[in-house]
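A.B. asks: Fold the following for me, if possible:
(one chain, ligands or ions: 1)
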Amino acid sequence: MRSIAIVLMVCLPVSAQQPGWSHDVLESGTDVTVLQVPDASMQTTFVFLPIGLTADAPHRAQFSHLLEHMLIRMRDADGLEENGIRFNGETTALALRLETMAPAEQWRRSIAKHAAWLAVREFDEDVLAVEKGRIAGEEASTVSRGYTHKWAFAGWNQIVNHGLEHAAVHGDVASAEIEQVAAFARSALRRSHLRVFSVGPVEPEKVVAAVRDELGGFASPAREPLAAAAEPARGAVIEATWDLDRTHLLQWYGVPCGSAADRAAAWVAANQLNMLAQGEARLRRLGAVALASADYQGTHSLAVGVSVSLPEGVDVDEVRDILVSLEGRLPGLAAGSTLLIRQLAAATEKIPDFAPLRLRLGARARFAEANVVLQTAYQAIRVRVPRSEIATAYRAVSAEKLAALYRDHVNAAKRRTLVLRRGE
Ligand SMILES: [Zn+2]
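C.D. replies: Just a heads-up that it's a prediction; the model follows:
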């Protein structure tokens, strides 16, 4: 296999002026993907850890998110910039992300910054108190607008993956003790498979060498495989409580996830379900905010589902009926999925022409390359393959495979529902 890769590289030389992808796996297991864009002004680096809101332990809702804040803030107590290097983090259902965006001459220091964050094992009471406040602020600002899907995943994980009756999505963070955070950091960082994505003007070999120097000592074991369709811990409809001021309805279907093509098919299905949910006038009229995805992940399982955030007073049963009607319309969309599949495959293969993209973005032009690589990185995380294999995985999804997925898995017998209401 190695010789084939070398032949391909010889056949497809990348000129110094053209952007090109590279991919390396370090001795430690860390995965490094670089897109070199010679005329980009910034080097942006994302480091992903597979500890997201659906992987938190029982009674530890959002600890992944809290850890993201603590790693950054133990080194950089304030602001989101240091010596010209902008930085940030975000924790989604599937991953904790740390990011830096550096002027070209500062790129090497930005890689060292990632290493410094990931080396944090000592935590400070005062920093913890500040970050609890910041997270509470994020909750408050999103709850008022109905963008509560991230928190709903944290709640879903507590109720469905761990079998709790009440998800303290706010309270677990609010009452977190420093020793709990330190213990979580010790165990979670030790077993995390790191994925690094970097984009900018720097040659890939230099980026890989810097990542090896700075992060090579970070043991990065392979991810645990996914194998089974999600099986319900309890009945088909679970009524539970959480401590955010919003009612949430989640409806999901366990799907096969053992192969890359299975996981790609789950995301094609999620895209189609999302199109139906976003286009559903009845949901909009009710003021409900819907989002479909295949982010419903157990230890070894995966599900496709839709999450709906409901304003006060909306009848949950009415929304449930609407979601059931969406399920009924999915099989009719399978035959027309070819274009969507082709687009999903092409999006991670085709390198856009960045010059017109920068012009279009105007003042935000420096984010052009970063945005493209970020979308690609999330596809790699979702399908659980290196960047170069995402397109192949999507192309292995046929309209027939999708039709079978809808017939066998997205149906009344497999449907699971969680209603999260405010409660103690
Ligand atoms: Zn945050």
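A.B. asks: make it CA atoms for all contacts and neighbour counts henceforth
C.D. replies: Fine.
A.B. asks: Could you tell me how far residue 411 is located from residue 271?
C.D. replies: 17 Å (CA to CA, to the nearest Å).
A.B. asks: Tell me which of the two has more neighbours.
C.D. replies: Using other CA atoms under 10 Å, the more surrounded residue of residue 411 and residue 271 is residue 271, with 21 against 18.
A.B. asks: Give me the helices and strands touching the helix or strand hosting the more buried one, please.
C.D. replies: Per DSSP states H and E, residue 271 falls inside helix 260-278. Using 3 or more CA pairs under 8 Å, 6 or more residues apart in numbering; DSSP states H and E as the contact test, the elements touching helix 260-278 are strand 289-297, strand 301-310, helix 316-329, helix 368-383, helix 387-395, helix 399-408.
A.B. asks: And for the fourth one, what's in contact with it?
C.D. replies: Residues lying outside helix 368-383 but in contact with it, judged by CA atoms under 8 Å, 6 or more residues apart in numbering, are 35, 37, 40, 44, 46, 94, 197-200, 260, 263-264, 267, 295, 347-348, 354, 357-358, 361, 386-387, 390, 393.
A.B. asks: Also the first one?
C.D. replies: Identification of contacts with strand 289-297 by CA under 8 Å, 6+ apart yields 54-55, 93-94, 146-147, 149, 153, 230, 252, 266-267, 270-271, 273-274, 277-278, 283, 302-310, 382.
A.B. asks: from the residues you listed, which would you call buried?
C.D. replies: Neighbour counting by 16 or more other CA atoms under 10 Å classes 54-55, 93-94, 146-147, 149, 153, 230, 252, 266-267, 270-271, 273-274, 277, 283, 302-310, 382 among these as buried.
A.B. asks: So which bits of stretch 32-49 are buried?
C.D. replies: 32-38, 40-49.
A.B. asks: Show me the shaky parts of this structure.
C.D. replies: Low-confidence segments of the chain (pLDDT under 70): 1-17, 223, 225-234.
A.B. asks: Show me how it divides into domains.
C.D. replies: Domain ranges of the chain: 16-223, 228-337+397-422, per automatic domain parsing.
A.B. asks: ok, back up a step: what's the helix holding residue 271 in contact with?
C.D. replies: Helix 260-278 is touched from outside by 255-257, 283, 290-294, 303-306, 323, 326-327, 330, 333, 337, 340-341, 382-385, 393-394, 396-397, 401-402, with contacts defined as CA under 8 Å, 6+ apart.
A.B. asks: Which strand or helix spans residue 344?
C.D. replies: Short version, using DSSP H and E: residue 344 is in helix 338-347.
A.B. asks: helices or strands up against the helix or strand following that helix?
C.D. replies: Later in the chain than helix 338-347, the nearest helix or strand by DSSP H and E is helix 354-361. In terms of contacts (3+ CA pairs under 8 Å, 6+ apart), helix 354-361 is packed against helix 368-383.
A.B. asks: Pull out the buried residues from the helix it packs on.
C.D. replies: Using 16+ other CA under 10 Å as the test for burial, helix 368-383 gives 368-370, 372-374, 376-377, 379-383.
A.B. asks: before we move on, the earlier item: what subset of the contacts of helix 260-278 is buried?
C.D. replies: Buried among the contacts of helix 260-278 (16+ other CA under 10 Å): 255-257, 283, 290-294, 303-306, 323, 326-327, 330, 333, 337, 341, 382-384, 393-394, 396-397, 402.
A.B. asks: I'd like the distance from stretch 110-130 to the chain centre, please.
C.D. replies: From the chain centre to the centre of stretch 110-130 is a distance of 22 Å (CA atoms, centre = their mean, to the nearest Å).
A.B. asks: who touches that stretch?
C.D. replies: Here stretch 110-130 makes contact (CA under 8 Å, 6+ apart) with 45, 47, 70-75, 77, 85, 98-102, 178, 181-182, 185-186, 189, 210-211, 214-215.
A.B. asks: Got a PyMOL select line for the buried ones in these?
C.D. replies: A single PyMOL command selects the buried members of these (16+ other CA under 10 Å):
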select buried, resi 45+47+70+71+72+73+74+85+98+99+100+101+102+178+181+182+185+189+210+211+214+215
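A.B. asks: Filter the contacts of stretch 110-130 down to just the ones in strands.
C.D. replies: Assignment to strands by DSSP state E places the following of the contacts of stretch 110-130 there: 45, 47, 85, 98-102.
A.B. asks: Tell me the one of these nearest residue 206?
C.D. replies: For these, the residue nearest residue 206 by CA to CA is residue 45; the value is 13.2 Å.
A.B. asks: Any figure for the gap between that closest one and residue 100?
C.D. replies: According to CA to CA, residue 45 and residue 100 sit 5 Å apart.
A.B. asks: what does residue 213 give?
C.D. replies: 17 Å.
A.B. asks: what about residue 120, helix or strand, and which?
C.D. replies: Going by DSSP H and E, residue 120 is not in any helix or strand.
A.B. asks: same deal with residue 416?
C.D. replies: strand 415-422.
A.B. asks: Which parts of the stretch 1-150 of the chain are strands?
C.D. replies: 20-25, 31-36, 42-49, 81-82, 85-91, 96-103 (DSSP state E, counting those that start in this stretch).
A.B. asks: Direction included, what does the first one pair up with?
C.D. replies: Strands flanking strand 20-25 in the sheet, each with its direction: strand 31-36 (antiparallel) (DSSP bridges).
A.B. asks: Please apply the same query to the shortest one.
C.D. replies: Strands that pair with strand 81-82, judged by DSSP bridges, come out as strand 85-91 (antiparallel).
A.B. asks: do the third one as well
C.D. replies: Taking DSSP bridges as the criterion, strand 42-49 forms sheet pairs with strand 96-103 (antiparallel), strand 195-200 (antiparallel).
A.B. asks: what are the C-alpha coordinates of the last one, in PDB please?
C.D. replies: As requested, the backbone C-alpha atoms of strand 195-200 are provided in PDB (Å, rounded to 0.1, in the frame of the first residue of the first chain):
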ATOM      1  CA  ARG A 195      -6.800  14.900  15.400                       C
ATOM      2  CA  VAL A 196      -4.900  18.000  14.200                       C
ATOM      3  CA  PHE A 197      -6.100  20.000  11.100                       C
ATOM      4  CA  SER A 198      -3.900  22.900  10.000                       C
ATOM      5  CA  VAL A 199      -4.300  25.300   7.100                       C
ATOM      6  CA  GLY A 200      -2.200  28.200   5.900                       C
END
